[in-house]
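K.L.:
Would you be able to build a 3D model of this:
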Amino acid sequence: MPVIILAIESSCDDTAAAVIIDGRVVSNVLADQSIHAQYGGVVPELASRAHQANIVPVVDAALRQSGVSINQLSAIAFTRGPGLLGSLMVGVSFAKGLALSHGIPVIEVHHLQAHVLAQFADPPFPSFPFLCLLVSGGHTQIIRVTDHLALEVLGSTQDDAAGEAFDKAGKLLGLGYPAGPLIDQYARKGIVRFDFPHPQLPWYEYSFSGIKTAIRYFLERETEKDSGFIDAHLPDLCASIQHHIVEILLEKLVLASEQTGIRTVTIAGGVSANSQLRTRLAEIGAQKKWSTFVPAIAYSTDNAAMIGLTGYYKYLKGEFTGLDVKPLARIPLDG
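P.N.:
This is a model prediction of the structure:
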């Protein structure tokens, strides 16, 4: 009989559901929450209320698109964390209630592990071991992956993450939220003209607090001399900021590959949708003779397919969860 996984993702501001059959994505439905844009960031209370409104129609749509009934499900996988606690509670509670009412086992999934396993949504798939640069929300990590469920964090950010640096820079530039995609759009029309510092941390560690501060002081100085500076140079500012953040990310990835000897390299997480990061990974990969893998955009940002894929591999190893499971806002990835 086929292994059929219903997956539910509600870690932040997107309500998502997917159906995975024998490791293949057959439906992947998402309802986003545009209301947060007016506040310049996700409002947790609004997010959890929207999840409550969205989760039933989203799950229903995922099942209908897949042609699967609830009684055919092998298991229900859900995001346990990390994420916004109120948002996670909606998805976890719904998954547990549905499972209890139909006698279906449940599988908890770590949101960041799922981002890494998004590499297996579409072939070709990376071979083990591989390195993954995970750039998602408040997380920036380099991870060594030796099996679907065997991940080791080699390095992490010591303060702010790359996504936070993009959002802070966008706010300083007067852009909307989320700022990362907007910076990417403007950067395509600009050139790299402005210089910002690169942090000097050991090994594979990251820090983005310094570049955030440097951007703020730079813009304050220049707008004091010319109030129209940002408007006059917006594409070049975006190109320069994006260039430096991307190069900081990839410098450490190159170091990790050289020192581990691993030449299969992937990127994952919402920031992996950035066009410059994808382009530079391909360029560096060609220079270094890497095998590079990048998920489709639909599997880079938060989605339920990645939760279902992780749930599928956990199902194969019998890693089920008790119905007393509770959501956790913070969970270490490898221990």
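K.L.:
for whatever helix or strand residue 224 lives in, which positions count as buried?
P.N.:
Assigned by DSSP states H and E, residue 224 belongs to helix 209-225. Across helix 209-225, burial judged by 16 or more other C-beta atoms under 10 Å covers 210, 211, 212, 215, 218, 219, 222. (Each C-beta comes from the backbone N, C-alpha and C, glycine too.)
K.L.:
Ok, stretch 129-148 next?
P.N.:
Under the neighbour-count criterion of 16+ other C-beta under 10 Å, stretch 129-148 has 129-137, 139-145, 148 buried.
K.L.:
So which bits of the host helix or strand of residue 59 are buried?
P.N.:
Assessed by DSSP H and E, residue 59 sits inside helix 44-66. Under the neighbour-count criterion of 16+ other C-beta under 10 Å, helix 44-66 has 44, 47-52, 54-55, 58-59, 62-63, 66 buried.
K.L.:
Then stretch 100-117?
P.N.:
Buried, per 16+ other C-beta under 10 Å, within stretch 100-117: 104-117.
K.L.:
Repeat that for stretch 229-249.
P.N.:
229-230, 233-246, 248-249.
K.L.:
Quick check: helices, which of those residues are part of them?
P.N.:
229-230, 233-246, 248-249 (DSSP state H).
K.L.:
quick one on the thing from earlier: alpha carbons of the helix holding residue 59, as CSV, please.
P.N.:
This file holds the C-alpha atoms of helix 44-66, laid out as CSV (Å, rounded to 0.1, in the frame of the first residue of the first chain):
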residue,chain,number,x,y,z
PRO,A,44,1.6,37.1,16.2
GLU,A,45,-2.0,37.6,17.3
LEU,A,46,-3.2,38.4,13.8
ALA,A,47,-1.3,35.5,12.4
SER,A,48,-2.8,32.9,14.8
ARG,A,49,-6.3,34.2,14.2
ALA,A,50,-5.8,34.0,10.4
HIS,A,51,-4.5,30.4,10.8
GLN,A,52,-7.7,29.5,12.6
ALA,A,53,-9.7,30.9,9.7
ASN,A,54,-7.6,29.3,7.0
ILE,A,55,-6.6,25.9,8.2
VAL,A,56,-9.9,24.0,7.4
PRO,A,57,-10.2,25.3,3.8
VAL,A,58,-6.5,24.8,3.1
VAL,A,59,-6.4,21.2,4.3
ASP,A,60,-9.7,20.5,2.4
ALA,A,61,-8.1,21.9,-0.8
ALA,A,62,-5.0,19.8,-0.4
LEU,A,63,-7.0,16.6,0.0
ARG,A,64,-9.3,17.5,-2.9
GLN,A,65,-6.4,18.3,-5.2
SER,A,66,-4.7,15.1,-4.4
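K.L.:
where does the stretch 1-150 of the chain have low pLDDT?
P.N.:
Applying pLDDT under 70 to the stretch 1-150 of the chain picks out residues 33-44.
K.L.:
in the stretch 151-300 of the chain, which spans are helices?
P.N.:
162-172, 179-187, 209-225, 229-260, 275-288, 297-300 (DSSP state H, counting those that start in this stretch).
K.L.:
by contact count, what packs against the last one?
P.N.:
Counting contacts by 3 or more C-beta pairs under 8 Å, 6 or more residues apart in numbering; DSSP states H and E, helix 297-300 is packed against helix 305-316.
K.L.:
Return the list of helices and strands in contact with the helix it packs on.
P.N.:
So helix 305-316, by 3+ C-beta pairs under 8 Å, 6+ apart, packs with strand 4-9, strand 15-21, strand 24-31, strand 75-81, strand 106-110, helix 111-117, helix 297-300.
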